[in-house]
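Q: model this:
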Amino acid sequence: MTAPAIPPRPPLAELQRKAEWMALLTLAVGLHALEAALPGLGPWFKPGLANVMTLLALYLMGPRAAFALAVARVALGAALIGTLFTPTFVMSLAGALAAGAVMLAAARLIPGIGPAGVSLLGALAHMLAQFVTVEALFIQQPAIYYLLPPLLLLAAITGWINGALADYLLDALRARRHAPA
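A: Residues are numbered from 1 along each chain as shown. Got it, this is the predicted structure:
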């Protein structure tokens, strides 16, 4: 009887990429949990700091890694704070899916758009998806849309701030990668 074959080790670059993605996911889940503990700025509104990690993943690792990070962050964050499969989770997941799709499309299709613009569009998509989800599944009252304009304004502001923060972090990370050891 022969011993089972040991699979070859993955290349170091692949392991490093996975470790970087896991680090971004860990930070995103931590920020998600932190935001859950903070008082909201309105119904269904948090500043979206965890989205900074999604933006970093988008610009450093590509669209697939960013979209996977956004979905994993919502699921793991909800499991951590105890909201998995609750209306809050459904709203957060709907927002993350919409924001992820819009951010990936914007980064790919709008020439010259940077992280701030991508984040702003993602924040608006997130807020709109939450409202549509709430109205369709939980509160069948069109009157909730009266809350939408001020919350879209807040989403645009925080989306831009998060994007500017991501842009700053991207510059710092890229400078560090190219700095002599």
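Q: drop to CA atoms for contacts and neighbour counts, all remaining ones
A: Fine.
Q: which strands and helices sit next to the top helix by length along the chain?
A: Secondary structure of the chain per DSSP state H: the longest helix is helix 148-178. Counting contacts by 3 or more CA pairs under 8 Å, 6 or more residues apart in numbering; DSSP states H and E, helix 148-178 is packed against helix 51-61, helix 115-133.
Q: Can you lay out the ones you listed as a markdown table showing mean neighbour count, distance to residue 17 and mean pLDDT?
A: Formatted as a markdown table, those follow (neighbours: other CA atoms under 10 Å; distance: least, CA to CA, whole Å; pLDDT from 0 to 100):
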| stretch | mean neighbour count | distance to residue 17 | mean pLDDT |
| --- | --- | --- | --- |
| helix 51-61 | 23 | 8 | 96 |
| helix 115-133 | 24 | 21 | 96 |
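Q: As TSV, those with distance to residue 6 would be great.
A: Below are the helices and strands packed on helix 148-178 laid out as TSV (distance: least, CA to CA, whole Å):
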stretch	distance to residue 6
helix 51-61	29
helix 115-133	43
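Q: Please name whichever of the ones you listed is nearest to residue 73.
A: helix 51-61 (9.1 Å; CA to CA).
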